[in-house]
Each structure stands twice: as structure tokens, then as C-alpha cells.
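> the sequence isn't on hand, but the structure is:
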């Protein structure tokens, strides 16, 4: 495996498992599958890997932007939650999901997943700063405007 | 609100709530916030809306690709799960998350969220076809190769 990012898809050689080095051909199926099938599988998986990298970078950027909303709300003493905004976001994402042939219920769950995760992280930050239980105007609570 | 997709961010006019029409200025804060602050908030939110649309379309495409893996595995009677592949995916996403300044734990949860959702959806499809409990080689179980 001299070129870990451009492996021979049909190779059945053992793959290294180090934390630093990604092996796109890592598979429990190696050696149990016809090489041509494995080559097709790895070809599809290379697309999945590209989607996943894009998703990670996109999510990272989205959270940077919601953090800006958090700071803005903290500065102007605005409540973290905005129910009318969230309702509009959910309705829009469901509609976009339908257009993209994605399950609208999944799109809604996805948005709620992001919101709940960021709230959890930011509540932890607020607690670190001793601001977790004070009121609507702590930085931590403003951070929890995750859907924004 | 004659141009719902290009509203005056500082406008405090009432916003319509129809299922068909998205109002990017929808907010429970309307009328309670200085117009200049509201304008800044809506400006940031327009970026969030763009990220969310991108995420929805990207996720839709990712699921199309994992479905191809599902069909391939079903065709060649391969098991749906691939533990070595999943371990490599998780390690890679955590590393990419660090590079993107995203919480690696969140990246891992995100991947698991996608996988579990698609498994749930595809198990439902398998049950519709009466294939949910047969064995490793049903189409439904092959579909559950969500992480792929």
C-alpha cells in the first residue's frame, strides 16, 4: 500500500490501521469478494468519502455562522430561541428535501439534530464560565441559538 | 412582502405563514428589536439558509450513492455491515473535523446519525417487501449499508 489515497481497488493486500493515515480500501470484505465487485464498491465509496468531507467542512462553516448569531444576540440581550424562525426553517427544509428526493422527515430530524448538538456544546461552554443557569442574557444561552 | 426572497431586512411588517412560501424574515423578534440589529441578524440568517439548502441537496445525493452500494451488495450477496470500513470512515471524519475546527465528537455522531436514519428507512422498505427478517442477503438489509 504505497499510495494509500490511490489504492488498486482490486488489491487484496492487508490495509494498515493507523490513526494518521486513512485507507479508502479498508473493508472487512477484503479477500472475500470478487476483485471486480470490490473495485466497483471502492469506486462508489470514493464518492461517499468526497461527500462526507464536503459535509464536514460545510457543517463547520455553518456553526461558525450560528456562533455569529449567538454573539449578536448576547450583545443585544436577545432571547436565544426564535420559534417563528425555526418553524419557517423546518417548513423550508422539508420542501427542499422533497425537491431533492430526500425524505422530508429526515430533513426535519437533521435540522433538529444540529440544533440540539450545538445547544449541548454551548451549554457546556456556558457552564464552564459559570453562566449556565443565570438567565436569558448569558453568552452561553445566546450561543444556543443553534438553528438561528 | 412583495418579494419574499429579497425582503428589506429592517422591515417590521407582518410576515405570511403559508406552507408554500418561505419567509426569510420570519422571526418572533419582529417588532421587539432595533431595526439595524434585525437587519444584521437577517443578513447572517440568509447565509445559514444557503448552507442548509446545500446540506439538504448534498445529503440527498449521498443517499443516492449509498443506495447504489446497497443494490451492489444485494446483487452479490454481500453482508450489509462492514466494520473495518466504518472504523476507517469515523477516524477520517474526526480528523477532517479537527482540520475544519469542528468538534470531532460531533462529526462522529453526525455519521452515526446518518447511518442509523438510513438503516431505519430501509428496514421499513424491507418490511414492506416482507424481507425484513430473512437473512443477510435480502435487498432490504443490503440497503442498510448506510455508511457504505
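Nice, thanks for sending it over. These numbers come from a predicted model, not from an experiment.
> when you work out contacts or count neighbours from here on, use the C-alpha atoms and nothing else.
OK.
> low-confidence ranges in chain A?
For chain A, the stretches flagged by pLDDT under 70 are A:1-20, A:118-148.
> where along chain A do the helices fall?
Per DSSP state H, chain A carries helices over the ranges A:35-75, A:83-99, A:104-128, A:139-143.
> in a markdown table: those, plus mean neighbour count and distance to chain B.
Formatted as a markdown table, these follow (neighbours: other C-alpha atoms under 10 Å in any protein chain shown; distance: least, C-alpha to the nearest C-alpha, whole Å):
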| stretch | mean neighbour count | distance to chain B |
| --- | --- | --- |
| helix A:35-75 | 18 | 5 |
| helix A:83-99 | 19 | 5 |
| helix A:104-128 | 18 | 7 |
| helix A:139-143 | 27 | 13 |
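> distance to residue A:24 added to the ones you listed, as CSV?
Formatted as CSV, those follow (distance: least, C-alpha to C-alpha, whole Å):
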stretch, distance to residue A:24
helix A:35-75, 7
helix A:83-99, 29
helix A:104-128, 26
helix A:139-143, 36
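> looking at those helices, spot the one closest to residue B:92.
Set against residue B:92 and scored by C-alpha to C-alpha, these come closest in helix A:35-75, at 8.9 Å.
> who does the closest one touch, helix- and strand-wise?
In terms of contacts (3 or more C-alpha pairs under 8 Å, 6 or more residues apart in numbering or on different chains; DSSP states H and E), helix A:35-75 is packed against helix A:139-143, helix B:35-75, helix B:83-99.
> columns distance to residue A:66 on top of those helices, output as CSV?
Shown next, in CSV, are these (distance: least, C-alpha to C-alpha, whole Å):
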stretch, distance to residue A:66
helix A:139-143, 8
helix B:35-75, 7
helix B:83-99, 17
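> right, and these - which one's nearest residue A:30?
With C-alpha to C-alpha as the yardstick, what comes closest out of the helices and strands packed on helix A:35-75 is helix B:83-99 (9.7 Å).
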